[in-house]
Structures are given as structure tokens and as C-alpha cells.
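Peer 1: predicted model follows, preceded by the sequence.
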Amino acid sequence: GEDVEQSLFLSVREGDSSVINCTYTDSSSTYLYWYKQEPGAGLQLLTYIFSNMDMKQDQRLTVLLNKKDKHLSLRIADTQTGDSAIYFCAERAPLVFGKGTRLSVIA
Amino acid sequence: EAQVTQNPRYLITVTGKKLTVTCSQNMNHEYMSWYRQDPGLGLRQIYYSMNVEVTDKGDVPEGYKVSRKEKRNFPLILESPSPNQTSLYFCASWSSGNTIYFGEGSWLTVV
């Protein structure tokens, strides 16, 4: 079955880059997603990438997809305290989530 | 405005008392799904539906029922809630495009 794995915690200093990694198993996924969840809030779609793309950039966010290794990463440039949240990667088929990576930003 | 609406948003109930969490979407989406979110476990799919009268089990269906009699509604039914069903529940809907819409979440506590 589908499985999505990601590390549970990441801590970075304000201003540094954050890289959150994710691996997935379903090679037929056409879309891969990153969601952000702030404390006590719902899920916010950050960005997504089509499976035929290698990279997608959206302001401070860069998504890299290595389809051969089934590896997805989210890079947040110039990380701010407002980026502290749980980040979920997900693959479509229907939507299967990783357990989430809790990003803590140290001022 | 495109939205997925869940009710109730917050509920404290007692073990064994049947309850229903409603989910409604106004986008004519074919697909709908229910997730529960628990600390350290992320979001796990309970049930999903590909269209009216078509439902399938997700990863954690035990203790839950769903129905899809109309396209817009996908209620989650807990026939006999137990404390291990205390969780944050999300409903989602989508069509064949890429955008998946989530409800705001329903906090359920079973005592």
C-alpha cells in the first residue's frame, strides 16, 4: 500500500534555510503536496508539484522531486518564526499523508 | 465561495452515545474523504468516497461508518464512540484537478 515517510522534528535558526524531506512509495502519484498546519489550526496547502516536474519554486519555497528515488523535499529560504508549524507531505491516490515534520524556528 | 463545512467543530461526548459529524461541500466534487489526526501519527485516512454510493475503507476504518447518499454530503458516523476515538477529524473533497479542499476540523473528545 501507499506509505509516506518524513522525519518528525526539525529545528533551525531564524534566517537559515529549512529542508524537510519526504519519501513516498506510490510511483503512480500524479501530484505531491506540502501542507502546513499551525498550532490549533487546520491544513493549509503550501504548494504542490506534478510528478513530471523536478523542481518548483514559489517565493521562499522550493520543492524538489526525485521521482526515481521517490523523494520529495521542501526548502524554505530565510526561515522566519512564523514558519514554525507542522509540515505534511502527501501523495495523491487518494490523499495519503506523512506523519508530519514539526519545524521549530529559533530566534 | 468554495468551501468544505464540518459540524460540529467541537464536541465532548460520552462513551457509547452515537454521534455524527457532518461534512458538506459546495463544489460538486466527486471525491470526499475523512481523516483523523493524532499526535505523532499525522493524518490517517478513515474512509473515502469516489462518488455517490461509492465508499471505501481507508487505513483506520474500525469504529466508523460513512454514507454518501448525495454528492455534497459525506457524514462520519460513530455508532458507539470510545475514548480512543478522541481526535481531530478533517473532511476533504476534491475533483480530478489538483486542488484538495479541507474542512476546518472537528475536535472530538469521548469521555
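Peer 2: Right, received. Where do you want to start? Numbering: from 1, shown residues only, chains lettered A, B, ... in the order given.
Peer 1: next, whatever residue of chain A ends up closest to chain B: phi, psi?
Peer 2: When Cβ to the nearest Cβ is the measure, chain A has its nearest residue to chain B at residue A:99, with 3.5 Å between them. Every C-beta, even on glycine, is put in place using the N, C-alpha and C of the backbone. Main-chain dihedrals, residue A:99, degrees, to the nearest 10: phi -80, psi -10.
Peer 1: what's near enough to touch it?
Peer 2: Taking Cβ atoms under 8 Å, 6 or more residues apart in numbering or on different chains as the contact definition, residue A:99 lies against A:5, A:6, A:8, A:88, B:40, B:41, B:42.
Peer 1: right, and the fourth one touches residue B:37 too?
Peer 2: No: counting by Cβ atoms under 8 Å, no contact exists between residue A:88 and residue B:37, whose distance comes to 9.4 Å.
Peer 1: pLDDT score for residue A:95?
Peer 2: On pLDDT, residue A:95 comes in at 77.
Peer 1: apart from its neighbours in sequence, what residue is nearest it?
Peer 2: For residue A:95, the nearest residue in space outside its immediate sequence neighbours is residue B:100; the separation is 6.0 Å by Cβ to Cβ, 6 or more residues apart in numbering or on different chains.
Peer 1: for chain A, which segments count as strands?
Peer 2: With DSSP state E as the definition, chain A shows strands at residue ranges A:4-6, A:9-13, A:18-24, A:31-37, A:44-50, A:55-58, A:61-66, A:71-76, A:85-91, A:96-97, A:101-106.
Peer 1: and if you look at chain B?
Peer 2: Ranges of strands in chain B, per DSSP E, are B:4-7, B:10-13, B:19-25, B:31-38, B:42-51, B:54-57, B:65-66, B:76-78, B:87-94, B:100-102, B:106-110.
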